[in-house]
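1. pasted the sequence and its predicted model underneath.
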Amino acid sequence: MDYLDEGMKRRIKDGLAGMKTVIPGFCPRRQQLQMIAEVSRVLAGDTDERVGVVEAGTGSGKSFGYGLPAVAVATARQQRLVISVSTISLQEQLLQRDLPMLAQGTGWSFTTAIAKGRSRYGCPLKMGKASAPAVRALLAAFRERTWAGDKESVPGHLSVDWAGIAASSQDCIGRACPWYAECPAEQARAAVRQADIVVTNHDLLVADLRAGPGVLLPEPEKCLLVVDEAHGLPEKARNTREGFGVEYAQGALRRSAKRLSTALRRWRFLLGFAEWWRLGQTARALGALSRCLVRLPWPDPTASRWLFDAGVVPRELLATARTLVTASGRLAEHLQERRLALLQDARDGRLDPLVAQEVNAVIGEIGGIATQIGNALALFCARNPGTGPPPARWIDRREEHGQWRHRLRAAEVSAAAFLEEMLWRRTAGAALASATITSMGTFDRFVETCGLRGHVRTLRLPPVFDYQRQGVLCVPSMAHAPDAPGHTAEVCALIRARLRPGEGLLTLFTSRQAMNQAEDLLRDLGPALLVQDRLPKSELLRRHAENIQDGRLSVILGMQSMSEGVDLPGKLCATVVIAKLPFSVPTHPVEITEATWLRQQGRDPFREMTLPATSVKLMQAVGRLIRKETDTGMVIIADNRMTTRRYGQSLLQGLPPFRLDLGRPLAQIQTPGNPP
Ligand code: SF4
């Protein structure tokens, strides 16, 4: 840490020493110290680049590796700090465990707050109107301050229909609400505005950037940012609106207009000419769009999806869609004015808050439909960017009672330009961390998809585990190619050869069909055979642990999804079998659009998209084996392509440095700590 000023270096060293008082035996690893040094350097502004990316493998103590230096720099410089993680449970873990421990150990003083979406909080005004006993009990608990008001802390014994009581910006009446001062959603917002450290999640971080930035979270220029599990950020940041169903929107608009009229009449207001006129205009534009969609000559009349080449929408459809965007935009604007007037009436006491909420809810519903149309069609109707891939644009349709129902959809292929403009160009300093960022040993794909080129320095920490000693990665000679009919039977023979009492085996398949076939072939294993989705995941893992504890055989058959977030330390996983390389053929419109665009640029989508994605998936799968310094075992990749194709070597480079055993029969291969 020679580059930081003396004060900061001392502060971090003292902080580290302090951690020993709260974590007995705390002794930072070399990798953790490297990470602390790198993160403090980037956040303190001692580097040319304002963004640092660190890949820190399993066991390197990532959360203190970024938490300690980030809090040290932020508190010393009185800068606010935003930490973004991938899930709400990780947010809770940081808030309830890691940050309090850090404060206690270091003696640094800071306030913290959690930033969650509004719908994670209950709306006491709605709860007061509900008659369900569970909701009444919840409201009573809120009044008595035994329930904090958020979804995550609802007492387990109370089963409530959360959607019916969740706070929503669509119907919230804000300051006109009698609960405003105590409202959990409003209090959470206020806490976020005040806190030194805000713990958020990627969804909210991206939503704030799209809305502002600076609407809920501090603006990027005014805070330091840490993004954990950063490998998921490019995908989260892509604008992938679900689109909207044209005929569904027509029906919803009709129903909401009726409800609005009834609500306004009931409360002695008249629906003005202007509202009807604007509503009618939007309804007519929707009708025209629906008719246009039916008339369009589909290239394949039997297909349920039409993906537009290079994102180019047929001219007639584009013109009709644009008319609808204009009409719905005017409607949304008008309703917003109406809504503000209504809330002012409620605030001034001219309108009962409950009445205001009811009318506001219906206005919000229509406004929501109008806004959704506008949002969904904005990208559908936008011009293609001058550089980079165009958005994917497509229509899905299905027949219902002899009528076509259409959904118009559009999604960005890359969030690189958005992240670069809204975040990396503005940030005061950002550190990104994850256990799996690189693919085939480089940061290239991540840097490109994140829009980080020119803004970033990267660091790949050496592995914490001694992979050479602890594990062997074996690609046995296989009699069958991965797509040959006998391949799954051969994989099952490998599984049988590796089964040992009291040692768990995890097999990962790329297709459900192959997994089901393996299940049939291994059925004689009885309770030792545990198959994904035949049992809830927690029950499957419990039975597996029980088998191993009792010294019995146990094998899990799972899909690719089990290669993330499954922790099977020690004997729970002594062998990982990867049935096939997890290649995925581009099938989603976004992937097809990107692949087509790359081809048009003379580039190779297999090398630039498929291989990096496969490398990350393979690393995640292989990562199930060694979870601790005492773990030993074997990874078997039952796919000849690993040794016969040139790309096999590139894929191997992306994996931890296991002892390699390639191209021999499995029987000749020795496992560390476990002779064959
Ligand atoms: S302020 Fe809004 S969210 Fe909060 S209780 Fe009132 S209406 Fe519900």
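-> Yep, it's here. Residues are numbered from 1 along each chain as shown.

2. per-residue pLDDT of the closest residue to the ligand within the stretch 301-450 of the chain, please?
-> Residue of the stretch 301-450 of the chain nearest the ligand, by C-beta to the nearest ligand atom: Q357 (6.1 Å). Bear in mind the C-beta positions are built from the backbone N, C-alpha and C, glycine included. Per-residue confidence (pLDDT) for Q357: 78.

3. next, the contact list for it, please.
-> Residues in contact with Q357 (C-beta atoms under 8 Å, 6 or more residues apart in numbering) are 125-126, 171, 173, 177.

4. any idea which element it lies in?
-> Assessed by DSSP states H and E, Q357 sits inside helix 353-381.

5. mind listing what the helix or strand following that helix pairs with, with the direction of each?
-> On the C-terminal side of helix 353-381, the nearest following helix or strand under DSSP H and E is strand 392-400. Partners of strand 392-400 in the sheet, by DSSP bridges, are strand 305-307 (antiparallel), strand 403-411 (antiparallel).

6. in strand 392-400, which residues are buried?
-> 392-397 (16 or more other C-beta atoms under 10 Å).

7. near the ligand, which of those show up?
-> Checking the buried residues of strand 392-400 against the ligand by C-beta under 6 Å from any ligand atom, not one of them is in range.

8. widest-spaced pair of those residues?
-> A392 and R397 (16.5 Å; C-beta to C-beta).

9. circling back: report the lowest-confidence entry in the contacts of Q357.
-> Ranked by pLDDT, those bottom out at D171 (81).

10. what about that one, distance to Q357?
-> To Q357, D171 is 6 Å away according to C-beta to C-beta, to the nearest Å.

11. now D483
-> Taken as C-beta to C-beta, the span from D483 to Q357 is 60 Å.

12. repeat that for T58.
-> Taken as C-beta to C-beta, the span from T58 to Q357 is 49 Å.

13. flag the shaky bits of the stretch 251-400 of the chain, pLDDT-wise.
-> Scanning the stretch 251-400 of the chain for pLDDT under 70 picks out 260, 263-276.

14. for it, which residues are neighbours of the ligand?
-> Residues of the stretch 251-400 of the chain lying near the ligand (C-beta under 6 Å from any ligand atom): none found.

15. in the helix ranked longest in the chain, what's buried?
-> Determined from DSSP state H, the single longest helix within the chain is helix 315-347. By 16+ other C-beta under 10 Å, the buried positions in helix 315-347 come out as 317, 320-321, 323-325, 327-332, 334-335, 338-339, 342-343, 345-347.

16. so what's the gap between it and the chain middle?
-> Chain-centre distance of helix 315-347: 31 Å, with C-alpha atoms, centre = their mean, to the nearest Å.

17. other SSEs contacting it?
-> helix 273-295, helix 353-381 (3 or more C-beta pairs under 8 Å, 6 or more residues apart in numbering; DSSP states H and E).

18. just those: most buried one?
-> helix 353-381 (a mean of 21; mean count of other C-beta atoms under 10 Å).

19. the inter-axis angle of it versus helix 315-347?
-> On the basis of axes from the mean of the first three to the mean of the last three C-alpha atoms, to 10 degrees, helix 353-381 is oriented at 160 degrees to helix 315-347.

20. which residues touch G174?
-> Remark: with contacts taken as C-beta under 8 Å, 6+ apart, G174 is in contact with 180, 343.

21. my read is V199 is in a strand, agree?
-> Yes - judged by DSSP: H, G, I helix; E, B strand; the rest coil, V199 forms part of a strand.

22. right, and it touches A113 too?
-> Yes - using C-beta atoms under 8 Å, V199 is in contact with A113, at 7.4 Å.

23. more crowded one of those two?
-> The neighbour count for V199 versus A113, taken as other C-beta atoms under 10 Å, is higher for V199 (27 against 19).

24. mind checking which of the contacts of Q357 are in strands?
-> Using DSSP state E to define strands, no part of the contacts of Q357 is located there.

25. now, these that are in helices?
-> 125-126.

26. what about R259, neighbour count?
-> Neighbours around R259, by other C-beta under 10 Å: 16.

27. tell me which element it is part of?
-> helix 246-266.

28. centre of the chain to that helix, how far?
-> Distance of helix 246-266 from the chain centroid (C-alpha atoms, centre = their mean) equals 34 Å.

29. picking that back up, closest one to F446 out of the contacts of Q357, please.
-> Closest to F446, out of all of those and judged by C-beta to C-beta, is D171, at 40.1 Å.

30. rebuild the strands paired with strand 392-400 as CSV, extending it with mean neighbour count.
-> Formatted as CSV, these follow (neighbours: other C-beta atoms under 10 Å):
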stretch, mean neighbour count
strand 305-307, 17
strand 403-411, 19
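
31. any idea how the protein splits into domains?
-> Per the record, the chain has its domains at 6-111+195-238+416-460, 118-184, 244-408, 467-668, by automatic domain parsing.

32. distance between the ends of the first one?
-> End-to-end distance for domain 6-111+195-238+416-460, by C-alpha to C-alpha, to the nearest Å: 26 Å.

33. chain center to that domain, what's the gap?
-> Relative to its chain's centre, domain 6-111+195-238+416-460 lies at 17 Å (C-alpha atoms, centre = their mean).

34. is it true that G623 touches S434?
-> No - in this structure, G623 is not within contact of S434 by C-beta under 8 Å, at 11.8 Å.

35. anything in contact with each of these two?
-> Contacts common to G623 and S434, judged by C-beta under 8 Å, 6+ apart, are absent.

36. that older thread, least confident of the strands paired with strand 392-400, on average?
-> Among the strands paired with strand 392-400, strand 403-411 scores lowest, with a mean of 87.

37. now the angle from that strand to helix 273-295?
-> Going by the same axes, to 10 degrees, strand 403-411 makes 100 degrees with helix 273-295.

38. OK, contacts around S40?
-> S40 touches 1, 4, 8, 12, 69, 72-73, counting by C-beta under 8 Å, 6+ apart.

39. which of the contacts of Q357 ranks first by neighbour count?
-> Highest neighbour count within the contacts of Q357: I173, with 25 neighbours (other C-beta under 10 Å).

40. if I look at it, how far off is G368?
-> 15 Å.

41. next: R543.
-> From R543 to G368 the distance is 45 Å (C-beta to C-beta).

42. what angle sits between the helix holding Q357 and helix 246-266?
-> Using the same axes, to 10 degrees: helix 353-381 against helix 246-266 is 160 degrees.

43. just give me how far helix 353-381 sits from the chain centre.
-> 26 Å.

44. just stretch 600-609 next, same as before
-> Distance of stretch 600-609 from its chain centroid, counting by C-alpha atoms, centre = their mean, is 26 Å.

45. contacts for that stretch?
-> With C-beta under 8 Å, 6+ apart as the criterion, stretch 600-609 contacts 310, 445, 586, 591, 594-595, 598-599, 647.

46. could you pull out the buried residues of that stretch?
-> Applying 16+ other C-beta under 10 Å to stretch 600-609 flags 605, 608-609 as buried.

47. which one of those residues is nearest to A188?
-> So of the buried residues of stretch 600-609, ranked by how close each gets to A188 (C-beta to C-beta), first place is M609, at 39.4 Å.
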